[in-house]
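**Student:** predicted model follows, preceded by the sequence.
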Amino acid sequence: MTVTAIVGANWGDEGKGKMTDVLAAQSSYVVRYQGGSNAGHTIINDYGKFALRMLPSGVFYSHVTNVIGPGTALDIDIVLSELEELAARGVPKPKLFISERAQVVLSVHRLFDELEEERLGARSYGSTKRGIAPFYADKYAKLGIQVADLFNKTRLKERLEHLLTAKNVLLQHLYGHAAIQTDELLNQLLSQAERIAPYVCDTTTLLQNADARGELIVVEGQLGALRDPDHGIYPYSTSSSTLAGFAPVGAGLPARSISQVIAIVKAYSSCVGAGPFVSELAGSEAEELRRRGGDAGEYGVNTKRPRRMGWFDVVATKYGCMIQGATSVVLTNLDVLGYLDEIPVCVGYELADGTIVDRFPVNALMDSAKPVLSRLPGWKCDISQVKRMEDLPDEAKAYIHFVESAIGVKISTVSVGPRREQVIQR
């Protein structure tokens, strides 16, 4: 068993891209298995800073085969633009394969996403407007377009006509928008098909054979456990499973193949999008943490929206690690907290009826929940250049031990900066 899953334990934005980039150095394959272009992975290396939305995070290594699996929401325009950006910035052409079974995010999906968010107004779910929810709705309504369909014009036209019959009724009568002509969308897709044809293959057989040979495979999740539609903060969730348990399905690997689940956990909390966020900060306290966080402040990789900020949430993180089945944890952004005299952490939730819980509750109980805070001593110094665990200040080591004990999963790695070399192995 040679497959490692890298997943988020919280709302997303934990630093999965950097850690996938780090592990890719020792791996043969890096696989995107779910989600689409609605969230990005930031990677900083010798070529510069990159925000990948569709390409797997192994594209900077010439020895890595990168795979976009059948479980993804394939935005072809984004894939092509990212490949062009890599080339323009001097990155060697990556080895990339796209599953013939992956389904395609269409321009009509993006249009519906925008129109529905506008219609909902204040009741919107904070969509990135990349077409993800309409895409998955069509996928499970059996209206989707597979990559393989792009290379059969007759079949593709029939599929599009089937799709647009219902779509145009909604466009005209719910949203007051002009109908979309089949040939318009058909020509777009045929043009895209020509450009991605060299990358398309049977990635399931490719990965099954690699697994059988014992080659090292990293499967890379998008967003975090709390955005999962079944186990997260529904309806403020994404539209595909963000859990490691879905990785074999979305990648096309045997269920038994995953040997490690590395959950990425941030040393404080951040969140892009709507939904309950119990440890959330406001005002200057939030702005100070936002300004110092991330690699250039805490802003969405894709949306550029300011992230909502909060203290480390034991309740949410312990739950996230549990449903991910984490075998180890990477604690990221520890260096950011170096400005604090004391570091608050959320150790429980006080519900509306006054009950205090340490178990992550369902959404219906979280609307008015308040954080129960504990405080740990800060270390008040810059730790971004520290290379060894023993060289960290005692207070920083105590913070790591506290988090590890509270969530019940071993912290194997600590990140103290945005670059791939700024990691400490325990």
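**Tutor:** Happy to help now that I have it.
**Student:** tally up the residues packed near Glu117, please.
**Tutor:** If you count neighbours by other CB atoms under 10 Å, Glu117 ends up with 17. C-beta here means a position set from N, CA and C on the backbone, and glycine is covered the same way.
**Student:** I'd like the numbering to begin with 265 instead of 1 from here.
**Tutor:** All right, first residue 265 from here; so that's Glu381.
**Student:** might one say that Tyr500 is in contact with Pro540?
**Tutor:** Yes: with contact defined as CB atoms under 8 Å, Tyr500 and Pro540 form a contacting pair (7.3 Å).
**Student:** and for those two, which residues touch both?
**Tutor:** Asn627 (CB atoms under 8 Å, 6 or more residues apart in numbering).
**Student:** spatially nearest residue to Ser534, not counting backbone neighbours?
**Tutor:** Ranked by CB to CB, 6 or more residues apart in numbering and with sequence neighbours excluded, the top spatial neighbour of Ser534 is Arg571, at 4.3 Å.
**Student:** elements contacting the host helix or strand of Ala269?
**Tutor:** Counting by DSSP states H and E, the element that carries Ala269 is strand 267-272. Judged by 3 or more CB pairs under 8 Å, 6 or more residues apart in numbering; DSSP states H and E, the packing partners of strand 267-272 are helix 280-288, strand 481-488, helix 511-515, strand 522-530.
**Student:** make TSV out of these and add distance to Ala412, mean pLDDT and mean neighbour count.
**Tutor:** Supplementary listing: those in TSV, determined by distance: least, CB to CB, whole Å; pLDDT from 0 to 100; neighbours: other CB atoms under 10 Å:
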stretch	distance to Ala412	mean pLDDT	mean neighbour count
helix 280-288	27	88	25
strand 481-488	22	94	28
helix 511-515	17	97	24
strand 522-530	27	96	24
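**Student:** please enumerate the helices of the stretch 415-564 of the chain.
**Tutor:** 417-437, 446-460, 467-476, 511-515, 547-556 (DSSP state H, counting those that start in this stretch).
**Student:** any idea which of the ones you listed gets closest to Ser363?
**Tutor:** For the helices of the stretch 415-564 of the chain, proximity to Ser363 was assessed by CB to CB; helix 467-476 is nearest, at 4.2 Å.
**Student:** phi, psi of the residue lying closest to Leu319 once chain neighbours are set aside?
**Tutor:** In space, and not counting its chain neighbours, Leu319 is closest to Glu346: 4.9 Å by CB to CB, 6+ apart. Recorded main-chain torsions at Glu346 are phi -70, psi -40, according to degrees, to the nearest 10.
**Student:** let me know the pLDDT of Glu346.
**Tutor:** We note a pLDDT of 96 for Glu346 in this prediction.
**Student:** ok, it - how many residues close by?
**Tutor:** Here the count is done by other CB under 10 Å, and Glu346 has 21 residues near it.
**Student:** one step back: tell me which of the helices and strands packed on strand 267-272 lies nearest to Leu453.
**Tutor:** The closest of the helices and strands packed on strand 267-272 to Leu453 is helix 511-515. By CB to CB, the value is 22.6 Å.
**Student:** re the thing from before, need the helices and strands packed on strand 267-272 in JSON lines with distance to Lys651, can you?
**Tutor:** Putting these into JSON lines (distance: least, CB to CB, whole Å) gives the following:
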{"stretch": "helix 280-288", "distance to Lys651": "14"}
{"stretch": "strand 481-488", "distance to Lys651": "24"}
{"stretch": "helix 511-515", "distance to Lys651": "31"}
{"stretch": "strand 522-530", "distance to Lys651": "20"}
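**Student:** minimum distance to His305: which of these has it?
**Tutor:** Taking CB to CB as the measure, the helices and strands packed on strand 267-272 were each checked against His305, and helix 280-288 came out nearest at 2.6 Å.
**Student:** other SSEs contacting that closest one?
**Tutor:** Secondary elements touching helix 280-288 (3+ CB pairs under 8 Å, 6+ apart): strand 267-272, strand 305-309, strand 481-488, strand 522-530, strand 592-596, strand 675-679.
**Student:** any idea how far the longest one is from the chain center?
**Tutor:** Here the centre of mass of C-alpha atoms in strand 522-530, compared against the chain's by CA atoms, centre = their mean, to the nearest Å, lies 13 Å away.
**Student:** what angle do that strand and helix 280-288 make?
**Tutor:** Angular relation of strand 522-530 and helix 280-288 on a 0 to 180 degree scale: 140 degrees, by axes from the mean of the first three to the mean of the last three CA atoms, to 10 degrees.
**Student:** likewise the last one?
**Tutor:** Angle between the axes of strand 675-679 and helix 280-288 is 110 degrees (criterion: the same axes, to 10 degrees).
**Student:** run through the bridge partners of the closest residue to Ala590 other than its chain neighbours.
**Tutor:** Using CB to CB, 6+ apart and skipping residues adjacent in sequence, the residue nearest Ala590 is Ala527, 3.7 Å away. Beta bridges link Ala527 to Val271, Val593 when assigned by DSSP bridges.
**Student:** ok, now Thr329?
**Tutor:** According to DSSP bridges, beta-bridge pairing links Thr329 with Tyr293, Lys359.
**Student:** share the number of residues neighbouring it, please.
**Tutor:** Thr329 has 22 neighbours, counted by other CB under 10 Å.
**Student:** and if you look at Lys357?
**Tutor:** Using other CB under 10 Å: Lys357 sits among 10 other residues.
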